[in-house]
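Asks: kindly generate the corresponding structure for this input.
(chains A and B)
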Amino acid sequence: SQWGEENLQALSIQEGEDVTMNCSYKTYTTVVQWYRQKSGKGPAQLILIRSNEREKRSGRLRATLDTSSQSSSLSITGTLATDTAVYFCATDALASGSWQLIFGSGTQLTVMP
Amino acid sequence: EAAVTQSPRNKVTVTGGNVTLSCRQTNSHNYMYWYRQDTGHGLRLIHYSYGAGNLQIGDVPDGYKATRTTQEDFFLLLELASPSQTSLYFCASSLYANSDYTFGSGTRLLVI
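Replies: Below is the predicted model of the structure:
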C-alpha cells in the first residue's frame, strides 16, 4: 500500500476547535492533494500542494508537505459543523506503468455543534 | 460550470445481469476515471482513460469493462454482475494525471 497506518482514523471534536489530520506515504510523489467527501456526495478537492512547496493555505485550511519524512497534514481552524466529512489525502504514484492519483483511506471528521 | 454527471444514481440488478454505468464530463479534461468505494477500502481505481478510444487498467479491473467513446463520455460495463460488485461507483475527470480531480455524485449499485 502507498499509505501509512495513521491515515485510518476517526476524529470527533467540538465546533470552534482547530484540528489537524495527517497522512504519510511510502513512495516519491510530485503532488499531494487533499479532498473532502460529505455524506452522499463525491469527493471534492480542497488543496493541491506540490513537492517544491512546504505549505499552502486556502481560507481556514492549511496544508503542509514534508518530502523528507514523506508526510502531509491538513489543518482546519475554527471548525464548523459543516466541516463534518471524510478527508482524503492523495498522491500521484507510478502504478501499473503510468502515473495515477492514489487515495488514502481517509479520516472521518465529526464536528459537533 | 465544469461538471461530471453520472447516471443512474441508483441501480439494482440480479446476479448475472448486465449493467452499464454512464459518465459525462463537461470540463474538457483529458483523463477520466472509474472508482469503486467500499467501507474499509477507500477509493479503488477500476479503469481510466486519457482520451477517446483509450483505456487503461486500474487496480481492481476484474469483472469490469470500460469504454471511452468521446472526450466527454466514459462508460463502465458489468457484463455478468456479481454480489461482490455491490458498491458505490464514482466517475472523475482531470486535465492531467496529477492535477485536481472532479468527481461525480456517484452511482449506488446493488447486485442481488
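
Asks: pull the CA atoms of stretch A:64-72 into PDB?
Replies: Provided in PDB are the C-alpha atoms of stretch A:64-72 (Å, rounded to 0.1, in the frame of the first residue of the first chain):
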ATOM      1  CA  THR A  64       1.800  21.200   4.800                       C
ATOM      2  CA  LEU A  65       4.200  18.800   3.000                       C
ATOM      3  CA  ASP A  66       7.400  17.300   4.300                       C
ATOM      4  CA  THR A  67       9.000  15.400   1.500                       C
ATOM      5  CA  SER A  68      11.900  14.300   3.700                       C
ATOM      6  CA  SER A  69       9.600  12.400   6.000                       C
ATOM      7  CA  GLN A  70       7.000  11.700   3.200                       C
ATOM      8  CA  SER A  71       4.200  13.200   5.200                       C
ATOM      9  CA  SER A  72       1.500  15.800   4.800                       C
END
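
Asks: so for it, mean pLDDT?
Replies: The average of the pLDDT scores along stretch A:64-72 is 94.

Asks: who touches it?
Replies: Stretch A:64-72 is contacted by residues A:4, A:22-26, A:29, A:32, A:34, A:49-51, A:53-55, A:63, A:73, A:75, A:89 when judged by Cβ atoms under 8 Å, 6 or more residues apart in numbering or on different chains. C-beta: built from backbone N, CA, C; applies to glycine.

Asks: pull out the buried residues from those residues.
Replies: Using 16 or more other Cβ atoms under 10 Å in any protein chain shown as the burial test, the contacts of stretch A:64-72 include A:22-25, A:29, A:32, A:34, A:49, A:63, A:73, A:75, A:89 as buried.

Asks: strands - which of those residues land there?
Replies: A:22-24, A:32, A:34, A:49, A:63, A:73, A:75, A:89 (DSSP state E).

Asks: okay, those in JSON lines with distance to chain B next?
Replies: As requested, these are exported to JSON lines (distance: Cβ to the nearest Cβ, whole Å):
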{"residue": "A:Asn22", "distance to chain B": "16"}
{"residue": "A:Cys23", "distance to chain B": "12"}
{"residue": "A:Ser24", "distance to chain B": "15"}
{"residue": "A:Val32", "distance to chain B": "10"}
{"residue": "A:Trp34", "distance to chain B": "10"}
{"residue": "A:Ile49", "distance to chain B": "11"}
{"residue": "A:Ala63", "distance to chain B": "13"}
{"residue": "A:Ser73", "distance to chain B": "18"}
{"residue": "A:Ser75", "distance to chain B": "20"}
{"residue": "A:Cys89", "distance to chain B": "10"}
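
Asks: and the residue of chain B nearest chain A?
Replies: Going by Cβ to the nearest Cβ, chain A is nearest to B:Phe103 of chain B, at 3.3 Å.
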